[in-house]
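Peer 1: I'd like to go over a predicted model; first the sequence, then the structure.
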Number of protein chains: 2
Amino acid sequence: MYRIGELAKQCDVKADTLRFYEKHGLLAPSTRSESGYRLYNQDDVARLRFILRAKAVGFTLNEITELLSIELDKANWACADVKGMVDNKLEQVQIKIAELTQFANSLQHLSNACCGGPDSAEHCSILEALESEDKQLHARNETAHKAQHVKHTKTVKAALT
Amino acid sequence: MYRIGELAKQCDVKADTLRFYEKHGLLAPSTRSESGYRLYNQDDVARLRFILRAKAVGFTLNEITELLSIELDKANWACADVKGMVDNKLEQVQIKIAELTQFANSLQHLSNACCGGPDSAEHCSILEALESEDKQLHARNETAHKAQHVKHTKTVKAALT
DNA sequence: CTTGACCTTAGATTAAACTCTAAGGTTTAT
DNA sequence: ATAAACCTTAGAGTTTAATCTAAGGTCAAG
Ligand SMILES: [Zn+2]
Ligand SMILES: [Zn+2]
Ligand SMILES: [Zn+2]
Ligand SMILES: [Zn+2]
């Protein structure tokens, strides 16, 4: 039997988190001490590890609640149900990945087009791209950008002479 | 000059969102009508489009606030500053992608190991994997899983005769 | 027998980006 | 002139997964 702090340490979670899981119906200690302390047994530990493993593969707590309800009543569920949940989640995750990959591409384009130098950002191609809709950010534009920078630098130099 | 609803429609945002952006210092209409209506001019539209484009490439509103402060004072910032922000964001996005890819892999393993059939989930390899730490979910296990299913199915059949 | 580490509860706060509500004022069209 | 559609404000609610706070009870060590 573990008290909340012991279990927390053992599973590398905060005691707060365990109380939170209890409040949200994910994990309740099987008993309480006379003084009201939560006491977790091995089954509880197993259940917590189940939760943490499910979390580690990307399920939300709500989804884990569903998984747990299947876990506790396996006989009345089919493999199809369980696999369905996993496949749904997989699809969501893949959509999110596609979205982020799109972001990464756009950012890479922006980054590539910018000289990254110490010159004034007045002609920065990143800002220009964000300012106007139809600015492309490819090799050709980078050249233009650099030319503008040269122009700009000259102006600055001229101003300094 | 556009009123809030017009601008909202034009840029496919909700009026609420524009008020929200105003409250959070991202975009304020340049003027107000006598009756207090927000009136946005072309610069405001441009600024909103800037915000939306930055959002589209994955910046958070806080980051966009930073970008805007550079935009409005370009001369005092260098390309290096702007590119730095983009590269930071890119790195964050790539980390997130790596994380999600890890999730996707784990989920794919789980999914592959499960027969997905209509049989009872009592021997479902997904649940088994979540129950115990060191269960691997590869071809070999799938075989074992299927054998168990057969056993289970037989039991069910026996029970039905 | 008191200090410090732990435990209890309910409820507030965090981050992000809106979204909605209440309660009322204005404009446009019929 | 009245209804529909729009505008105003301040502030509360949404989602996720905790984290933190206040105010107090319990226990082991010295
Ligand atoms: Zn540059
Ligand atoms: Zn630049
Ligand atoms: Zn199966
Ligand atoms: Zn299965």
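Peer 2: Perfect, thanks for sending it. Ligands and ions are numbered 1, 2, ... in the order given.

Peer 1: okay but residue A:25 is in contact with residue A:64, surely?
Peer 2: No - in this structure, residue A:25 is not within contact of residue A:64 by Cβ atoms under 8 Å, at 10.4 Å. C-betas here are computed from N, CA, C, even on glycine.

Peer 1: Which of these two has more residues huddled nearby?
Peer 2: Neighbours per residue (other Cβ atoms under 10 Å in any protein chain shown) separate residue A:25 from residue A:64, with residue A:64 holding more: 22 against 11.

Peer 1: quick check: angle from the longest helix seen in chain A to helix B:79-113?
Peer 2: The longest helix of chain A (DSSP state H) is helix A:79-113. Here helix A:79-113 points in a direction 160 degrees away from that of helix B:79-113 (axes from the mean of the first three to the mean of the last three Cα atoms, to 10 degrees).

Peer 1: Give me the pLDDT for the closest residue in space to residue A:3 that isn't next to it in sequence.
Peer 2: Spatial nearest neighbour of residue A:3, chain neighbours left out: residue A:37 (5.5 Å); criterion: Cβ to Cβ, 6 or more residues apart in numbering or on different chains. pLDDT recorded at residue A:37 is 86.

Peer 1: Counting neighbours, what do you get for residue A:37?
Peer 2: 13.

Peer 1: And the residue of chain A closest to ligand 1?
Peer 2: residue A:115 (3.3 Å; Cβ to the ion).

Peer 1: Test my guess that that residue contacts residue A:126.
Peer 2: No - using Cβ under 8 Å, residue A:115 is not in contact with residue A:126; the gap is 10.0 Å.

Peer 1: show me what contacts the residue of chain A found nearest ligand 4?
Peer 2: Ligand 4 sits closest to residue A:79 of chain A, with a gap of 3.3 Å, by Cβ to the ion. Neighbouring residues of residue A:79 by Cβ atoms under 8 Å, 6 or more residues apart in numbering or on different chains: B:114-121, B:124, B:126, B:149.

Peer 1: biggest separation within those, which pair?
Peer 2: Based on Cβ to Cβ, the longest span within these runs between B:118 and B:126 and measures 15.1 Å.

Peer 1: Contacts (any at all) between DNA strand D and stretch A:38-47?
Peer 2: No - using Cβ under 7 Å from any atom of the strand, stretch A:38-47 never reaches DNA strand D; the gap is at least 11.6 Å.

Peer 1: List the buried residues for that stretch?
Peer 2: A:38-40, A:44, A:47 (16 or more other Cβ atoms under 10 Å in any protein chain shown).

Peer 1: And stretch A:65-77, by the same measure?
Peer 2: Using 16+ other Cβ under 10 Å as the test for burial, stretch A:65-77 gives A:65, A:67-68, A:70-71, A:74, A:77.

Peer 1: Tell me which two of the residues you listed sit farthest apart.
Peer 2: Once Cβ to Cβ is applied, these give A:65 and A:74 as the farthest pair, at 15.8 Å.

Peer 1: What residues does chain A have near DNA strand D?
Peer 2: Counting by Cβ under 7 Å from any atom of the strand, the residues of chain A close to DNA strand D are A:13-14, A:16-17, A:19-20, A:33-35, A:55, A:60-62.

Peer 1: and the residues you listed as JSON lines, adding secondary structure?
Peer 2: As requested, those are arranged in JSON lines below (DSSP: H, G, I helix; E, B strand; the rest coil):
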{"residue": "A:13", "secondary structure": "coil"}
{"residue": "A:14", "secondary structure": "coil"}
{"residue": "A:16", "secondary structure": "helix"}
{"residue": "A:17", "secondary structure": "helix"}
{"residue": "A:19", "secondary structure": "helix"}
{"residue": "A:20", "secondary structure": "helix"}
{"residue": "A:33", "secondary structure": "coil"}
{"residue": "A:34", "secondary structure": "coil"}
{"residue": "A:35", "secondary structure": "coil"}
{"residue": "A:55", "secondary structure": "helix"}
{"residue": "A:60", "secondary structure": "coil"}
{"residue": "A:61", "secondary structure": "helix"}
{"residue": "A:62", "secondary structure": "helix"}
